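Novice: let me see the structure of the following:
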Amino acid sequence: MSAQPSATRGRALGMAGAVLVGVVLSVQSRLNGALGAQLGDGLGAALISFGSGLVVLLLATPFLPVARAGLRAVVMALRGGGLRWWQCLGGVAGGFLVFGQGLSAAALGVALFTVAVVAGQVGSGLVVDRIGLGPAGPQRVTAPRVVGAALAVVAVLVAVWEELTGSGASWLILVPALAGIGVAWQQAVNGRVKQTAGSPASAAVINFGVGATGLLLAWLVEVAVRGLPGPLPPQPWLYLGGVLGIFVIGGAAALVHRTGVLVLSMGMVAGQLFGALLLDLLVPAPGTGVPLTTVVGVALTFVAVAVASLPDRFARA
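Specialist: As a prediction, this is how the structure comes out:
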């Protein structure tokens with residue numbers, strides 16, 4: 001009888017961890033956005049972020065026995081069939097999200113882009129959980145999970161309502177929607193890699209390596225078409241995005257077996273909006289304010305996470 005309270009406590013800790021990961025992600029996004037603005041090249045900023053995170057992980061791995069053992073375990077699982085090769089490609093989804101930002105965020109507007117990403121992410125989270133792609137195994141599509149997912153999309157709509165004016169939908173909205181679908185898949189497969197490796201650091205190394213490779217290829221194409229970006233900015237804090245990304249990727253991989261993909265995604269969205277709200281209050285960008293709709297939307301995302309985590313009283317055991 002004590003297993004149920006323990007599982008509930010573990011799930012609650014997992015949700016709190018997801019929110020914290022989302023807060024870190026909001027800081028990373030602010031840093032990468034500032035770096036991209038100064039470079040005049042969002043794709044180049046993403047490559048610097050992924051590349052610096054990969055360098056830090058590669059330098060740290062020789063001093064982390066558990067990370068080295070985890071990478072060996074992943075290689076053995078790939079050879080033995082315990083892990084599929086495509087389950088190691090989660091970093092591609094992260095790279096596509098960054099690519100999508102550069103391709104469509106300016107045309108759609110950041111607000112509409114964010115809504116489309118979240119809609120794709122929570123919708124995909126329901127499907128990914130149902131088929132059991134993540135380490136938490138198959139999870140029923142219950143009424144609370146569906147209501148919570150829908151409420152999360154509504155909450156994000158409310159949070160960005162002031163920015164939606166003038167955003168025009170077009171076929172480009174498919175790009176962030178697909179990116180959101182990819183993020184949920186990324187969280188699931190990274191969780192599988194972490195489960196095989198026994199170390200979130202190992203999962204992060206593989207994710208950063210794959211993501212950095214994809215971004216490098218895309219950036220080389222961009223350079224061939226547009227030329228090199230501007231000089232690197234001198235502020236050292238602009239280059240901390242990669243280090244924060246290690247905590248985001250590693251944290252998500254470590255938590256997904258407790259929460260499932262849907263609740264992890266929603267918790268991270270809530271944390272990201274909350275972190276962005278704190279940044280806007282404490283370190284506001286020039287000429288910006290915090291409308292009431294943003295505060296209401298952030299509060300609603302936490303309600304959505306709580307609703308999605310409720311047990312379904314009508315589901316059969």
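Novice: so how far is residue 72 from residue 14?
Specialist: Residue 14 sits 27 Å away from residue 72, going by C-beta to C-beta, to the nearest Å. C-beta here means a position set from N, CA and C on the backbone, and glycine is covered the same way.
Novice: go on, residue 267?
Specialist: Relative to residue 72, and taking C-beta to C-beta, residue 267 is found at 32 Å.
Novice: more neighbours: which of the two?
Specialist: Using other C-beta atoms under 10 Å as the criterion, residue 267 and residue 72 rank with residue 267 on top: 29 against 12.
Novice: can you check the pLDDT for that one?
Specialist: Per-residue confidence for residue 267 comes out at a pLDDT of 90.
Novice: likewise for residue 127?
Specialist: On the pLDDT scale, residue 127 gets 92.
Novice: ok, and the closest non-adjacent residue to it?
Specialist: The shortest distance from residue 127 to any non-neighbouring residue, by C-beta to C-beta, 6 or more residues apart in numbering, is to residue 184 (8.0 Å).
Novice: need phi/psi at residue 47.
Specialist: Dihedral pair for residue 47: phi -60, psi -40, per degrees, to the nearest 10.
Novice: give me the number of residues near the nearest residue to residue 271 once chain neighbours are set aside?
Specialist: Distance criterion C-beta to C-beta, 6+ apart; nearest residue to residue 271, sequence neighbours excluded, is residue 22 at 2.2 Å. For residue 22, the count of nearby residues is 26 (other C-beta under 10 Å).
Novice: list the buried residues in the helix or strand harbouring residue 22.
Specialist: Element membership for residue 22, per DSSP states H and E: helix 3-39. By 16 or more other C-beta atoms under 10 Å, the buried positions in helix 3-39 come out as 11, 14-15, 17-36, 38-39.
Novice: quick one, strands of the stretch 101-250 of the chain?
Specialist: Applying DSSP state E, counting those that start in this stretch to the stretch 101-250 of the chain gives no strands.
Novice: pLDDT below threshold where in it?
Specialist: Residue ranges of the stretch 101-250 of the chain with pLDDT under 70: 102-111, 163-170.
Novice: try 80 this time
Specialist: Low-confidence segments of the stretch 101-250 of the chain, defined by pLDDT under 80, span residues 101-114, 160-172.
Novice: show me where this structure has helices.
Specialist: For the chain, the helices defined by DSSP state H cover 3-39, 42-60, 65-80, 90-100, 106-108, 110-131, 143-159, 161-164, 174-197, 200-226, 241-282, 292-308.
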